[in-house]
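Student: Make a model of this:
(one chain, ligands or ions: 2)
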Amino acid sequence: MYQPKKLLGAAEIRRRVKELASRISTDYAGVDELLMIGVLRGCYIFMADLSRRLNIPRRIDFIAVSSYEERTVSSGAVRLVLDARSDVQDKHVLIVDDIVDSGHTLHYLVNLFQARNPASLKTCAFLRKPGRLQVSVQLDYLGFDIPDVWVVGYGLDCADRFRALPYIGQVDPDRLSG
Ligand code: IMP
Ligand code: MG
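Tutor: Residues are numbered from 1 along each chain as shown. Ligands and ions are numbered 1, 2, ... in the order given. Below is the predicted model:
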């Protein structure tokens, strides 16, 4: 069976998520409540781990967007598939995404939520591919920068495969298709 090549191991991921959670907890100390909005589906494991490590009051909500339509190159056109249920007005909002690639998704989401008048708006992504950014985006918390390769595991997929891998692995999408 095809095995993704390991880029980030489970222990390294755990350590980094713990660091991010402690920074976020410090930054939001004293705030009544943090509203974390996860970007489905890739965020689900990162969101679960990160939210459980925070020691501040927080709520969890999700949003789903689509831009790749089963391909591995962003079309640039982001579509809202499922909106958050929460009213974000006057709330401290943190968007939690799995990975920033072209930047189109996060750019779209920042604009979307900014227009809803939150008390504050920040962004957090587990991974970023700096070599692929097409639009500049505000990124307040980042787990790791990675090279320009397709990665899977820890919630991330390739055509819906490999999401449950406990590590971040690299795949060659061409070898997987068909
Ligand atoms: P962007 O809009 O191009 O920044 O893409 C962001 C979204 O594309 C991410 O939230 C992921 O869902 C998906 N994505 C981009 N690169 C990868 C990857 O290497 N593996 C899995 N999903 C990816
Ligand atoms: Mg995503």
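
Student: Buried residues, the longest helix seen in the chain. List them.
Tutor: Among the segments of the chain that qualify as a helix by DSSP state H, the longest is helix 10-27. Buried residues in helix 10-27, counted by 16 or more other C-beta atoms under 10 Å: 13, 17, 20, 21, 24. C-beta coordinates here come from the backbone N, C-alpha and C atoms, glycine included.

Student: Go through the helix or strand of the chain with the lowest mean pLDDT and flag the buried ones.
Tutor: Using mean pLDDT, DSSP states H and E, helix 173-176 stands out as the lowest-scoring helix or strand of the chain, at a mean of 79. Buried residues in helix 173-176, counted by 16+ other C-beta under 10 Å: residue 176.

Student: That one: how far from the chain's middle?
Tutor: With C-alpha atoms, centre = their mean, to the nearest Å as the basis, helix 173-176 stands 23 Å off its chain's centre.

Student: what's next to that helix, contact-wise?
Tutor: Contacts of helix 173-176 with the rest of the structure, by C-beta atoms under 8 Å, 6 or more residues apart in numbering, involve 2, 72, 150, 158, 159, 161.

Student: picking that back up, between the buried residues of helix 10-27, which is nearest residue 130?
Tutor: residue 20 (17.9 Å; C-beta to C-beta).

Student: wait, isn't the closest one in contact with residue 143?
Tutor: Yes. Counting by C-beta atoms under 8 Å, residue 20 does reach residue 143; the two are 6.3 Å apart.

Student: ok so, going back, what mean pLDDT does the longest helix of the chain have?
Tutor: Mean pLDDT, helix 10-27: 98.
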